[in-house]
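# quick one, structure for this:
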Amino acid sequence: MYLTAQRVRSAGGNRQGVNVFLYSHQAMPAAALARMPIQMIADQNPGELALEVIALPPGTNEVTSYLDVVAPDDALGKNLARALDSAATHFPNASVFPLAWEHGELRLRYHVNPALHPDAESEFRRLKDKLRLVLGSGLTGGGPTRPAGGRAPNPLRIVTERDDEGRRYRLETESLRLLRSLRPDLSFPASLGVSTENEGLLRRLYGSSETYGQYAIALTGLAVEQLKALAGVIVIDEHGQSVWTTETG
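Numbers count the residues shown, from 1 in each chain. Predicted coordinates for the structure are as follows:
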């Protein structure tokens, strides 16, 4: 599989965010993928899109930093998250970008614009944490999670509807407004998209057939325990029906 986190800023420079993409190579023999350089995978053969978390819609944005990761398609997300954390503790001592190196089963490529991100290692960790959120591993650190910052009067609402690729998930406007007021330290993506054809990869990645909770983590940046303490989450389909809640999930 190929994962990438890209920090982008709008053409006018007044908006920025991190877009995350996860691709599957399950149709390619593992040996062939292992022989292919990471730059060729990232630039020419990324695979089939399985999931995307969009902060700014792709188009005319400028990419100011990115982190590419190639890993086996059958890897568990929690193991990949630990490997990423370990890779962060072995960050190369170099100043010429892009950097490319291997760490265990991971192959990594990292680029940063030093004029915009002078602390390259800190930016690497921020991008790594964005990847972690889509790996079914919750938040970084592995220790106690910070309280969500208050309690909502009603459960947060995530709405989902079909699109050309599969399904798109987003926080309802009022829920997004509430989260921004409770956690101004966090940034929240505009949407999360899932390819129906590649949901099997995500279920294997998460080690579970239940994926809604992982999508809630990726959209909010909060662990399920934090979301429950806040008031919970409910996922609503295009017919207005509840398909998942933190209480029943």
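# contacts only, for Glu172.
Leu156, Arg157, Ile158, Val159 (Cβ atoms under 8 Å, 6 or more residues apart in numbering). C-betas here are computed from N, CA, C, even on glycine.
# out of those, list just those in strands.
Judged by DSSP state E, the subset of the contacts of Glu172 located in strands is Leu156, Arg157, Ile158, Val159.
# of these, which is the most crowded?
Counting neighbours by other Cβ atoms under 10 Å, Leu156 leads these with 25 neighbours.
# my guess is that residue meets Lys228, correct?
No: with contacts defined as Cβ atoms under 8 Å, Leu156 does not count as touching Lys228, sitting 10.7 Å away.
# out of everything not next to it in sequence, what's closest to the residue in the chain sticking out farthest from the centre?
The outermost residue of the chain, judged by C-alpha distance from the chain's mean C-alpha position using Cα atoms, centre = their mean, is Pro153 at 27.7 Å. Once its chain neighbours are removed from consideration, Pro153 has its nearest residue in Ala231; the separation is 7.0 Å (Cβ to Cβ, 6 or more residues apart in numbering).
# need the per-residue pLDDT for that neighbour.
The predicted local distance difference test score for Ala231 is 89.
# returning to that earlier point: can you redo the contacts of Glu172 as CSV with distance to Arg203 and pLDDT?
Putting these into CSV (distance: Cβ to Cβ, whole Å; pLDDT from 0 to 100) gives the following:
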residue, distance to Arg203, pLDDT
Leu156, 24, 95
Arg157, 24, 97
Ile158, 19, 98
Val159, 22, 98
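# rewinding a little: from the ones in strands among the contacts of Glu172, which two are the most distant?
Leu156 and Val159 (10.9 Å; Cβ to Cβ).
# where do the contact lists of those two overlap?
Joint contacts of Leu156 and Val159 (Cβ under 8 Å, 6+ apart) are Leu171, Glu172.
# can you show me the strands along this structure?
Under the criterion DSSP E, the chain contains strands at 2-9, 16-24, 48-54, 62-70, 99-103, 106-112, 156-162, 166-171, 191-195, 233-236, 242-245.
# going by distance to Leu182, which of the contacts of Glu172 wins?
Using Cβ to Cβ as the measure, the one of the contacts of Glu172 that approaches Leu182 most closely is Leu156, at 10.2 Å.
# need the contact list for that closest one.
So Leu156 contacts Leu171, Glu172, Ser175, Leu178, Leu179, Thr220, Leu227, Leu230, Ala231, Gly232, Val233, Ile234 (Cβ under 8 Å, 6+ apart).
# try 10 Å
Residues counted as contacts of Leu156 (Cβ atoms under 10 Å, 6 or more residues apart in numbering) are 148, 171-172, 174-176, 178-179, 216, 219-220, 222, 227, 230-235, 246.
# mind checking which of these are buried?
Those of these that meet the buried threshold are 148, 171, 175-176, 178-179, 216, 219-220, 222, 227, 230-235, 246, by 16 or more other Cβ atoms under 10 Å.
# out of the contacts of Leu156, which are inside helices?
In helices, defined here by DSSP state H, the members of the contacts of Leu156 are Glu174, Ser175, Leu176, Leu178, Leu179, Ala216, Leu219, Thr220, Leu227, Leu230.
# want to try TSV for the residues you listed, with distance to Pro189 as columns?
Written out in TSV, the entries for the ones in helices among the contacts of Leu156 read as follows (distance: Cβ to Cβ, whole Å):
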residue	distance to Pro189
Glu174	17
Ser175	13
Leu176	10
Leu178	16
Leu179	12
Ala216	12
Leu219	6
Thr220	9
Leu227	16
Leu230	18
